[in-house]
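K.L.:
here is a sequence together with a model predicted from it:
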Amino acid sequence: MPFELGLTVALEKTAHREHDWIVCESVQHRIKKSLSDLDGTDAYIHDGTIKGVFREMAKAFVGSVRQPTVGEMMQIYRMIRVQLETILQRAGADNPFNARVFKELSVLASKAADELAE
């Protein structure tokens with residue numbers, strides 16, 4: 001992860017100045033050990049839980065157009081989770097980070113968010 005994060009920070013500082021980046025971590029202060037160059041950067045500490053990730057994402061993207069609550073994100077997560085196994089089987093994949101699976105999950109999440117907003 002340090003390598004990928006370094007690339008992200010470098011791109012934002014040079015070629016993609018309009019993009020922001022955030023750091024998520026499950027344990028408070030651990031980032032200081034693993035990535036000392038980022039000392040002074042406020043990491044979003046999610047406590048290693050799904051609800052914690054949603055809580056921190058809500059804080060990180062507070063300026064976004066769509067502002068789902070943690071409860072709404074949990075509803076979307078549950079809706080998608082039910083369909084995950086079927087999507088994995090159709091794609092012949094074993095994890096949700098397969099490009100096809102991830103795309104389908106993203107479309108489902110967006111659709112679910114649109115339905116919640118109605």
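P.N.:
The structure has been received and is ready for your questions.

K.L.:
can you list contacts of the helix or strand encompassing Ile76?
P.N.:
Assessed by DSSP states H and E, Ile76 sits inside helix 70-91. Outside helix 70-91, the residues that touch it by Cβ atoms under 8 Å, 6 or more residues apart in numbering are 50-51, 54-55, 57-58, 68, 94-96, 98, 100-101, 104-105, 108-109, 112-113, 116. Any C-beta I mention is one placed from the backbone N, CA and C, and that applies to glycine too.

K.L.:
which of the residues you listed fall in helices?
P.N.:
The members of those that map onto helices under DSSP state H are 50-51, 54-55, 57-58, 100-101, 104-105, 108-109, 112-113, 116.

K.L.:
give me the buried entries from these.
P.N.:
Phe54, Arg55, Met57, Ala58, Val101, Glu104, Leu105, Leu108, Ala109, Ala112, Ala113 (16 or more other Cβ atoms under 10 Å).

K.L.:
between the ones in helices among the contacts of helix 70-91, which is closest to Gln28?
P.N.:
Arg55 (14.0 Å; Cβ to Cβ).

K.L.:
how close does the closest one sit to Tyr44?
P.N.:
9 Å (Cβ to Cβ, to the nearest Å).
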